[in-house]
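Novice: what follows is a predicted structure for the sequence shown.
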Amino acid sequence: MSSQKIRIALTKGRLEKQTVALFETIGFNCAQLNSKGRRLILPMDDYEVVLAKPADVLTYVEHGACDVGVVGKDTILEMGGTHYEMLDLGFGRCRFALAGPKGVDFFHGFHERVVATKYPNVAKHFFERKGMDVRIVKIEGSVELAPLLAFAHAIVDIVETGGTLRENGLEVIEEIAPISARVIVNKASMKLRRAAIEELLNNMRLAAQVTG
Amino acid sequence: MNRYARITPEGTKDYLLEECDAIEQTKNALAGVFQSRGYRRVMPPHLEFIDVYRNTSASWLTEKLYTLTDSRGRLLALRPDATSPIARIAATRMRDARLPLRLYYHETVFRRSRLYAGHSDAVLQSGVELLGADGLRADLEIFLCAVDALRACGASRFRIEIGHAGIFKALVAAIDIDDVTKSALAQAIESKNSDELEILLQSNAITATDAFRALPRLFGDESVLRKAKTLFRASEALQAVEYLQTLIQYVRELDLMDYVDIDLGLVHGQSYYTGFVFRGYMEGSGLPVLSGGRYDQLLRDFGRPAPAIGFALDVHVLAQASLLRGEVVAQSLPDILVFGMDGFQATALRRLHQLESEGHRCEYSIAKTKEEAYAYAAARKIPRVVVLGGGELEESI
């Protein structure tokens, strides 16, 4: 319906490399993405690619400033928002977990529990579902530090291999949710440019199967 | 402390000058469509008892509502939509009015949105409600009215997705689960998240039909309906699909297929919908500009069981789009400045009346001297100055 180029928002950093690799598998020309300099909007074949922080990917896609976004499920769970979540790319795999000092039963006793996290919404929903009242404190840096300082009884954080937890004498108490890179789509774009977006999604799905 | 005296609350804004012109123009265009189809205006209050929104099939989440209390401590809500109040009106004050009732409104609705996410908490909606009307005729009338409303606002590139609330309801009824899980399933389907849906089904040990699993993917052109028919077994879901097929035939006859998409996964956040539902998107806006559907339970909640259907448009988005397209006729500047010399102010005001009645747009000058009035007119680019003294002195600049 529109001649305007489909705009894709990519999460900068770890997911970026793998997403670009995925685009190369599809056969897109990623020259500009690989040597981007200071430009913020980069051409890739018939698409425009924008590099953004994870939370901004959600914002841009929700408002339709970008049609499609690649973002981690961790950000989607924390930020919420309105969009179609149409594809699990399978990379960037890790999980949200509740973790605490090894050998301590977090759920035992009637005392108040303090939980440190970078993801207060994820933590809040997790304990809401359990019907548990806990004090959630937002920490910006290394969350593992909070239990070591005896500031928090546990943490809610992203766990990949569990290496950082072990090194700090912590262990997973309970898994909360699996995480991986997802493709999200603006609702209006999906309806106004369905053919073009479905073509892109199909290509990404196939490439993810090949590389995954 | 006067810290907040100079700003407006988050989620609200001032609309100024040409923005207001655009909003008025949009409202007038919409009212033109609605009135020509026999819809009449109602103005429910901004404040209602919270029961209107909480203890009905509307069931708004409290955290979405702006609430306050009245002088007796009863909980009130700033209206989050106009449909519930109009259903209340149809069931109470207009109880004796003959059905169907055709009502329209222009009202601001208030919803709390996520902070700093770029949303407005006060949205001006225009919409219609066709109350006491069931079936295809009513649904078609409303659907065409929605298309015509968008066109009347100058929208040319838009799409309306069509679904049926009965499909999810019928398919989920076959599954024995609690409301929390049900709304999680609805959310997964609404966001077309097949993977999430599978995970939810597995982790809750739900055996769902292929039809249910397919819901996130059942959108696109008409062929979706044929595909759905081969999948659906629940008779209500099948009936809903067949109903949409019939409706689509008429949409084709009206030459509107270019504007239509099918979306059977359109669960719709609003819980009161019972049948045909639709949502409109327009080029230039990432958020829906139109939303509506059939709600056959809501009037019963207010004591007058009757079917109903309606839709609402986001006037601010439509107005902004017409501004960007340069289609807004701004209110024109005055073409005459009227100045009365000392002692001749009444004469000047009388002359102003006269000039107005001749069709001029006049501004009354509050300058202290004639020279000041001329300087002002020159600065404001008002082409003509009328000065009244002993006799009328008229001069152009």
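Specialist: Yep, that arrived. Numbers count the residues shown, from 1 in each chain, chains lettered A, B, ... in the order given.

Novice: contact partners for the residue in chain A that chain B sits nearest to?
Specialist: Closest residue of chain A to chain B, Cβ to the nearest Cβ: A:Gly64 (1.7 Å). Heads up, the C-betas are built off the backbone N, CA and C, glycines and all. By Cβ atoms under 8 Å, 6 or more residues apart in numbering or on different chains, the contact list for A:Gly64 reads A:186, A:188-189, B:285-287.

Novice: can you tell me the closest non-neighbouring residue to it?
Specialist: B:Gly286 (1.7 Å; Cβ to Cβ, 6 or more residues apart in numbering or on different chains).

Novice: that neighbour reaches A:His63, doesn't it?
Specialist: Yes: at 4.6 Å, B:Gly286 counts as touching A:His63 under the criterion of Cβ atoms under 8 Å.

Novice: next, B:Val387: secondary structure please.
Specialist: strand (DSSP: H, G, I helix; E, B strand; the rest coil).

Novice: so it bridges to which residues?
Specialist: Beta-bridge pairing for B:Val387 (DSSP bridges): B:Phe339, B:Leu393.

Novice: try A:Val50
Specialist: With DSSP bridges as the rule, A:Val50 is bridged to A:Ala9, A:Ile41.

Novice: A:Ser189 belongs to a helix, doesn't it?
Specialist: Yes: secondary structure of A:Ser189 (three-state DSSP): part of a helix.

Novice: which ones are touching it?
Specialist: A:6, A:64, A:67-68, A:197, B:286.

Novice: next, count neighbours for residue 47.
Specialist: Defaulting to chain A. 17 (other Cβ atoms under 10 Å in any protein chain shown).

Novice: switch to chain B, please.
Specialist: When neighbours are counted by other Cβ under 10 Å, B:Leu47 registers 14.

Novice: enumerate the residues of chain A near chain B.
Specialist: Residues of chain A lying close to chain B (Cβ under 8 Å from any Cβ of the partner chain) are A:1-2, A:59, A:62-65, A:80-86, A:88, A:178, A:185-192, A:194.

Novice: can you select the buried ones among these for me in ChimeraX?
Specialist: Of the residues of chain A next to chain B, the buried ones go into a single ChimeraX selection, burial set by 16 or more other Cβ atoms under 10 Å in any protein chain shown:
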select /A:59,62,63,64,65,81,82,83,84,85,86,88,185,186,187,188,189,190,191,192,194
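
Novice: so which of the residues of chain A next to chain B are in strands?
Specialist: Members of those lying in strands (criterion: DSSP state E): A:84-86, A:88, A:178, A:185.

Novice: give the buried residues for stretch B:45-65.
Specialist: B:48, B:50, B:52-54, B:56-58, B:60, B:65.

Novice: nearest to chain A, of the residues you listed?
Specialist: Within the buried residues of stretch B:45-65, proximity to chain A (Cβ to the nearest Cβ) peaks at B:Trp60, which comes in at 16.8 Å.

Novice: the residue in chain B that chain A sits nearest to in helix, strand or coil?
Specialist: Proximity of chain B to chain A (Cβ to the nearest Cβ) peaks at B:Gly286, 1.7 Å away. At B:Gly286 the chain is in coil, as set by three-state DSSP.

Novice: run a quick neighbour tally on it.
Specialist: Applying other Cβ under 10 Å, we find 22 residues neighbouring B:Gly286.

Novice: show me what contacts it?
Specialist: Residues counted as contacts of B:Gly286 (Cβ under 8 Å, 6+ apart) are A:62-65, A:186-189.

Novice: bridged to the residue nearest the centre of chain A, which residues?
Specialist: Nearest residue to the geometric centre of chain A (Cα atoms, centre = their mean): A:Gly72, 1.8 Å. Beta-bridge partners recorded for A:Gly72 (DSSP bridges): A:Ala181.

Novice: of all the contacts of B:Gly286, which comes closest to B:Leu115?
Specialist: Taking Cβ to Cβ as the measure, B:Leu115 lies nearest A:Glu62 of the contacts of B:Gly286, at 14.1 Å.

Novice: gap between stretch B:160-172 and the chain center?
Specialist: On the basis of Cα atoms, centre = their mean, to the nearest Å, stretch B:160-172 sits 22 Å off its chain's mean C-alpha point.

Novice: tell me if it is near chain A.
Specialist: Yes: shown here: stretch B:160-172 in contact with chain A (Cβ under 8 Å from any Cβ) through B:Glu161.

Novice: pull out the buried positions in the helix ranked longest in chain A.
Specialist: In chain A, with assignment by DSSP state H, the single longest helix is helix A:194-211. For helix A:194-211, the neighbour count (16+ other Cβ under 10 Å) marks A:194, A:196-197, A:200-201, A:203-204, A:207-208 as buried.

Novice: ok, now stretch A:39-59?
Specialist: For stretch A:39-59, by 16+ other Cβ under 10 Å, it's A:42, A:44, A:47-52, A:54-59.

Novice: in helices, which of the residues you listed appear?
Specialist: A:54-59.

Novice: turn the residues you listed into a markdown table, including pLDDT.
Specialist: Formatted as a markdown table, these follow (pLDDT from 0 to 100):
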| residue | pLDDT |
| --- | --- |
| A:Pro54 | 96 |
| A:Ala55 | 95 |
| A:Asp56 | 96 |
| A:Val57 | 97 |
| A:Leu58 | 97 |
| A:Thr59 | 96 |
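
Novice: so which two of these are the farthest from each other?
Specialist: A:Pro54 and A:Thr59 (10.1 Å).

Novice: quick one: residues contacting A:Phe23.
Specialist: Taking Cβ under 8 Å, 6+ apart, one finds A:30, A:33, A:44, A:207 in contact with A:Phe23.

Novice: quick check: residues of chain B near chain A?
Specialist: With Cβ under 8 Å from any Cβ as the criterion, chain B comes near chain A at residues B:114, B:117-118, B:157-159, B:161, B:191-196, B:199, B:220, B:261, B:281-283, B:285-288.

Novice: what remains of these if I keep only buried residues?
Specialist: Using 16+ other Cβ under 10 Å, the buried members of the residues of chain B next to chain A are B:117, B:158-159, B:161, B:191-196, B:220, B:261, B:281-283, B:285-288.

Novice: for residue 201, list the residues it contacts.
Specialist: Unless you meant another one, I'm taking chain A. Contact partners of A:Leu201, counting by Cβ under 8 Å, 6+ apart, are A:68, A:86-87, A:183, A:185.

Novice: wrong one, chain B
Specialist: So B:Leu201 contacts B:185, B:207-208, B:213 (Cβ under 8 Å, 6+ apart).

Novice: a markdown table please, covering those and showing pLDDT.
Specialist: Shown next, in a markdown table, are the contacts of B:Leu201 (pLDDT from 0 to 100):
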| residue | pLDDT |
| --- | --- |
| B:Leu185 | 93 |
| B:Thr207 | 85 |
| B:Ala208 | 84 |
| B:Arg213 | 93 |
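
Novice: which one of the buried residues of stretch A:39-59 sits closest to B:Thr26?
Specialist: A:Thr59 (26.6 Å).

Novice: tell me the pLDDT at B:Gly391?
Specialist: Note on B:Gly391: pLDDT of 68.

Novice: please parse chain A into its domains.
Specialist: Domain assignment for chain A, taken from automatic domain parsing, gives A:6-92+A:180-211, A:94-178.

Novice: okay if I get those domains as JSON lines plus distance to B:Arg351?
Specialist: Putting the domains of chain A into JSON lines (distance: least, Cβ to Cβ, whole Å) gives the following:
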{"stretch": "domain A:6-92+A:180-211", "distance to B:Arg351": "52"}
{"stretch": "domain A:94-178", "distance to B:Arg351": "66"}
